[in-house]
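Enquirer: I'll drop the sequence and a predicted model, then ask my questions.
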Amino acid sequence: MAKRLERQQYPYRGDRAFNVLLVEQALYTNFGGPNAMRGQLDRVLAVIRSALDDLA
């Protein structure tokens, strides 16, 4: 569990760069129900916002 939580912090560290390709179908594929999907999309948006803040 500790390793999983550590990996979740990778996108928020300033010393890493990511290239992401997200296909539209991924947004419609439902794993875990609406709450799980909401949490996953929230995480993606948080990473995008963080990256945009760094550009400003």
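Expert: In hand now; what should we look at?
Enquirer: and stretch 6-26, average pLDDT?
Expert: The predicted model gives stretch 6-26 an average pLDDT of 78.
Enquirer: And for stretch 39-55?
Expert: For stretch 39-55, mean pLDDT is 83.
Enquirer: Show residues contacting it.
Expert: The contact list for stretch 39-55, computed with Cβ atoms under 8 Å, 6 or more residues apart in numbering, reads Gln8, Pro11, Tyr12, Gly14, Leu22, Leu27. To be clear about C-beta, it is placed using only N, CA and C from the backbone, and glycine gets the same treatment.
Enquirer: please redo it, this time with the cut-off set to 6 Å
Expert: Pro11 (Cβ atoms under 6 Å, 6 or more residues apart in numbering).
Enquirer: And the residue nearest the centre of the chain, how far from Pro11?
Expert: What sits nearest the mean C-alpha location of the chain, by Cα atoms, centre = their mean, is Val44, with 3.1 Å. Separation of Val44 from Pro11 (Cβ to Cβ, to the nearest Å): 9 Å.
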